[in-house]
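**Q** quick one: sequence and predicted model below, then my questions.
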Amino acid sequence: MSELIRKNASELVELLNSGQVSSVEVTQAHLDRSAAVDADVHSYLYQNPETALAAAANIDRRRAAGEKLNLLAGLPIAVKDNLTTTDAPTTSGSKILEGWVPPYDATVVTKLREAGMPILGKTNLDEFAMGSSTEFSAYGASHNPWDLDRIPGGSGGGSSSVVASFQAPLAIGSDTGGSIRFPASVTGTVGTKPTYGAVSRYGLIALASSLDQIGPVSRNVLDSALLQDVIAGHDPHDSTSLPESLGSMAEAARKLDVKGMRIGVIKELMGAGFQPGVMARFEESINLLQQAGAEIVEVSCPNFEYAIAAYYLILPAEASSNLAKFDSVRFGLRVAPEGNPTIERVMAATREAGFGPEVKRRIILGTYALSSGSYDKYYGAALKVRTLIQRDFEAAFSKADVLVSPTAPTTAFKLGEKLEDPLAMYLNDIATIPANLAGIPGMSVPNGLAEEDGLPVGIQLLAPAREDARLYQVGAALEKMHEDIWGKRMIDFAPELEVRG
Amino acid sequence: MSEITPDLVRHLAGLSRILVTDEEVERFAEQLSLIADSVATVSAAIEGGDVPSTSHPIPMANVFREDIVEPSLTQEQALSGAPDSGDGRFRVAAILDEE
């Protein structure tokens, strides 16, 4: 395995900027790695080595000509397949969009291109990002590089496994209820959901528009910070885009200091239902933060109990509306029943053939939640719970600068284990969903291995809206303490993957 | 027990323009009943209190831009993903039944 691919993105940035390696070399090393391992991991839905290498060669040429380039120029990246790309099919993991090449780039993709970052490929996800395991991808599940029989988390299991298996130094994810943070937790990687509106969602195939947020995926906190600095910023094409800058995340990640910070432990997100190894690692990290000079306080968020219920009403309601655009007319699949069917019958046959089971379940549930007669009882009530959860956060953040919890109740489960039990699958997101409901930023940082199964666990950091920098400051400080104790990075505990010729 | 019967699933699927098989109807009715029972707890959360609704986490009012024509997709680009098109338009099956 090339030494290049094991390096942190920040190290590659230095090598590229000092001219010690070329973008073509770095890009080729990652493409070679994919050729060797992706038949087993299945992170990618699509790769085009030629376009990636052409973008890399272009940056090398511009650098050689002395042009002033973006700090991350030449660093390759993988992009979740629910962001539109004009030079690659965009499926969102669904058969209904098989082979669709969008006529425009997502704003985040435009920013990556402008920064000179070659796109290595499009990563796998649960269909339309509905799921916690990638098992609902219409193109087959991705596998966890720590144990190929286990899930890499979802929906962004393609992006988590692509960085965990060294096929890319960085990836783009999207997080509606934990789809960046849960995969990070179970693959020993870093994933951040920025403040709602911090990163433009233009060109992100919408799941639930009041919850969706694009964010960085990496093996290291500073690496995610560097990426968030590239993709964040106001975009007039997204009316929910925040007009103000949130400052430099990389600067925050370099402080490595938590002295005097008040860190709140959320009482409701621990204990029963959380695996012992997850709790043991969590408590260790709390001690580390305390030893480093942080003040630990306990906070209570009593309405979190209702977060999953509210989420599984709001999300399906919004999704049922967002996915109405897949109507066999403007893009994607068209299936015509025999005879002379009307357009309504064509739509129904197309959506039957093009959508998988989880998407159908959620569309039907959302239609139910919004129908007259059940609206007040379900959707209306869920919107009020959303207010209660925001109030819980407000009260908690009056006592603490950053809140912490385990990212997920368990380590990675086996592929197939929860496939036929939607409610069990939904519980994976118990700790991550509140942040989406309130619009606040959250990050999952590697937190060691669970004793009982030797698999990665994550710790979640949460900050008030617009205070993403606090996550990077605390996350990087905790990561440094861990690495000093372990003598290596979290990802260096991962077993070697079998390499194919 | 929840009110999501097989007939209701069939009705909702019709509203959602999704054909469903008999097997799917049975399975979804069972699964959605469990889910609906579970999410119904939101009613308990707001009992007795006068709680306002939040539909958007970070409210922003009146997000407008200047009323100036900006570049947008060409007709050709807009039609590029269509399953069928002709004369610069999307082509679809009959809107109305013949009967």
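**A** That came through fine.
**Q** isn't A:Gly121 up against A:Thr51?
**A** No - counting by Cβ atoms under 8 Å, A:Gly121 stays clear of A:Thr51, with 9.6 Å between them. The way it works is simple: take the backbone N, C-alpha and C, and place the C-beta from them, glycine included.
**Q** tell me which of those two has more neighbours.
**A** Looking at A:Gly121 and A:Thr51 with other Cβ atoms under 10 Å in any protein chain shown, you find the greater number of neighbours at A:Gly121, namely 30 against 16.
**Q** next, give phi and psi for the more buried one.
**A** phi 170, psi -180 (degrees, to the nearest 10).
**Q** can you point out the buried residues in stretch A:8-26?
**A** Of all the residues in stretch A:8-26, those buried under the rule 16 or more other Cβ atoms under 10 Å in any protein chain shown are A:8-10, A:12-13, A:15-16, A:21-26.
**Q** who touches both of A:Gly121 and A:Thr51?
**A** Common contacts of A:Gly121 and A:Thr51 (Cβ atoms under 8 Å, 6 or more residues apart in numbering or on different chains): A:Ala88.
**Q** and stretch A:447-465, how far apart are its ends?
**A** From its first residue to its last, stretch A:447-465 covers 24 Å (Cα to Cα, to the nearest Å).
**Q** kindly apply the preceding question to stretch A:331-349 instead.
**A** Using Cα to Cα, the end-to-end distance of stretch A:331-349 comes to 15 Å.
**Q** buried ones in that stretch?
**A** Under 16+ other Cβ under 10 Å, the buried positions of stretch A:331-349 are A:331-336, A:341-349.
**Q** what's the closest of those residues to A:Leu45?
**A** Closest approach to A:Leu45 among the buried residues of stretch A:331-349 (Cβ to Cβ): A:Gly332, at 15.3 Å.
**Q** show the contacting residues for that closest one.
**A** A:96-98, A:100, A:326, A:350, A:354, B:81, B:83.
**Q** from A:Ala324, how far out is it?
**A** 13 Å (Cβ to Cβ, to the nearest Å).
**Q** one step back: would TSV of the buried residues of stretch A:8-26 with distance to chain B be doable?
**A** Shown next, in TSV, are these (distance: Cβ to the nearest Cβ, whole Å):
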residue	distance to chain B
A:Asn8	32
A:Ala9	29
A:Ser10	30
A:Leu12	34
A:Val13	31
A:Leu15	38
A:Leu16	33
A:Val21	38
A:Ser22	34
A:Ser23	30
A:Val24	31
A:Glu25	35
A:Val26	33
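**Q** got those as JSON lines, with pLDDT and secondary structure columns?
**A** Formatted as JSON lines, the buried residues of stretch A:8-26 follow (pLDDT from 0 to 100; DSSP: H, G, I helix; E, B strand; the rest coil):
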{"residue": "A:Asn8", "pLDDT": "98", "secondary structure": "coil"}
{"residue": "A:Ala9", "pLDDT": "98", "secondary structure": "helix"}
{"residue": "A:Ser10", "pLDDT": "98", "secondary structure": "helix"}
{"residue": "A:Leu12", "pLDDT": "98", "secondary structure": "helix"}
{"residue": "A:Val13", "pLDDT": "98", "secondary structure": "helix"}
{"residue": "A:Leu15", "pLDDT": "98", "secondary structure": "helix"}
{"residue": "A:Leu16", "pLDDT": "98", "secondary structure": "helix"}
{"residue": "A:Val21", "pLDDT": "98", "secondary structure": "coil"}
{"residue": "A:Ser22", "pLDDT": "98", "secondary structure": "coil"}
{"residue": "A:Ser23", "pLDDT": "98", "secondary structure": "helix"}
{"residue": "A:Val24", "pLDDT": "98", "secondary structure": "helix"}
{"residue": "A:Glu25", "pLDDT": "98", "secondary structure": "helix"}
{"residue": "A:Val26", "pLDDT": "98", "secondary structure": "helix"}
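**Q** for the most centrally placed residue in chain A, give me its contacts.
**A** A centroid search over chain A (Cα atoms, centre = their mean) returns A:Ile180, at 2.0 Å, as the residue closest to the centre. With contact taken as Cβ under 8 Å, 6+ apart, A:Ile180 is in contact with A:156, A:159, A:173-174, A:191-193, A:215, A:217, A:444.
**Q** next one: A:Ala39
**A** So A:Ala39 contacts A:Arg500 (Cβ under 8 Å, 6+ apart).
**Q** that one in helix, strand or coil?
**A** Taken by DSSP: H, G, I helix; E, B strand; the rest coil, the conformation at A:Ala39 corresponds to helix.
**Q** what about it, distance to chain B?
**A** Distance of A:Ala39 to chain B, given as Cβ to the nearest Cβ, to the nearest Å: 30 Å.
**Q** try A:Ser285
**A** 28 Å.
**Q** wait, a helix at that residue?
**A** Yes - counting by three-state DSSP, A:Ser285 is located in a helix.
**Q** that one and A:Asn447 touch, don't they?
**A** Yes - with contacts counted by Cβ under 8 Å, A:Ser285 reaches A:Asn447, the gap being 5.7 Å.
**Q** overlap in contacts, these two.
**A** Common neighbours of A:Ser285 and A:Asn447 (criterion: Cβ under 8 Å, 6+ apart): A:459, A:482.
**Q** longest helix of chain B?
**A** Counting residues, the longest helix found in chain B (DSSP state H) is helix B:22-39.
**Q** and the residue nearest to A:Lys267 when sequence neighbours are not counted, what are its phi and psi?
**A** Excluding the flanking residues, the one nearest A:Lys267 by Cβ to Cβ, 6 or more residues apart in numbering or on different chains is A:Ser300, at 4.8 Å. Phi and psi for A:Ser300, reported as degrees, to the nearest 10, are phi -120, psi 130.
**Q** distance check, A:Ser300 against chain B.
**A** 15 Å.
**Q** contacts for the worst-scoring helix or strand of chain B on mean pLDDT?
**A** Least confident element among the helices and strands of chain B, by mean pLDDT, DSSP states H and E: helix B:41-45 (a mean of 90). Helix B:41-45 is contacted by residues A:303, A:305-306, A:309-310, A:313, A:377-378, A:381-382, A:384-385, A:388 when judged by Cβ under 8 Å, 6+ apart.
**Q** what about residue 66, how many residues nearby?
**A** By default, I'm working from chain A. Residues near A:Gly66, counting by other Cβ under 10 Å, number 7.
**Q** switch to chain B, please.
**A** When neighbours are counted by other Cβ under 10 Å, B:Glu66 comes out with 6.
**Q** quick check: closest non-adjacent residue to the residue of chain A found nearest chain B.
**A** Nearest residue of chain A to chain B, counting by Cβ to the nearest Cβ: A:Gly439, 2.6 Å away. Nearest residue to A:Gly439, sequence neighbours excluded (Cβ to Cβ, 6+ apart): B:Pro57, at 2.6 Å.
**Q** quick check: the gap between the one you found and A:Tyr196.
**A** B:Pro57 is 5 Å from A:Tyr196, by Cβ to Cβ.
**Q** what do you get for A:Ser22?
**A** 38 Å.
**Q** what residue is smack in the middle of chain B?
**A** Centroid-nearest residue in chain B, with Cα atoms, centre = their mean: B:Ser16, separated by 6.8 Å.
**Q** backbone dihedrals for that one, please?
**A** phi -90, psi 0.
**Q** what residues does the helix or strand containing A:Glu11 touch?
**A** Using DSSP states H and E, A:Glu11 sits within helix A:9-17. Residues outside helix A:9-17 that contact it (Cβ under 8 Å, 6+ apart): A:4, A:7, A:21-23, A:26, A:63, A:71-75, A:169-170, A:218-220, A:222-223, A:226-227.
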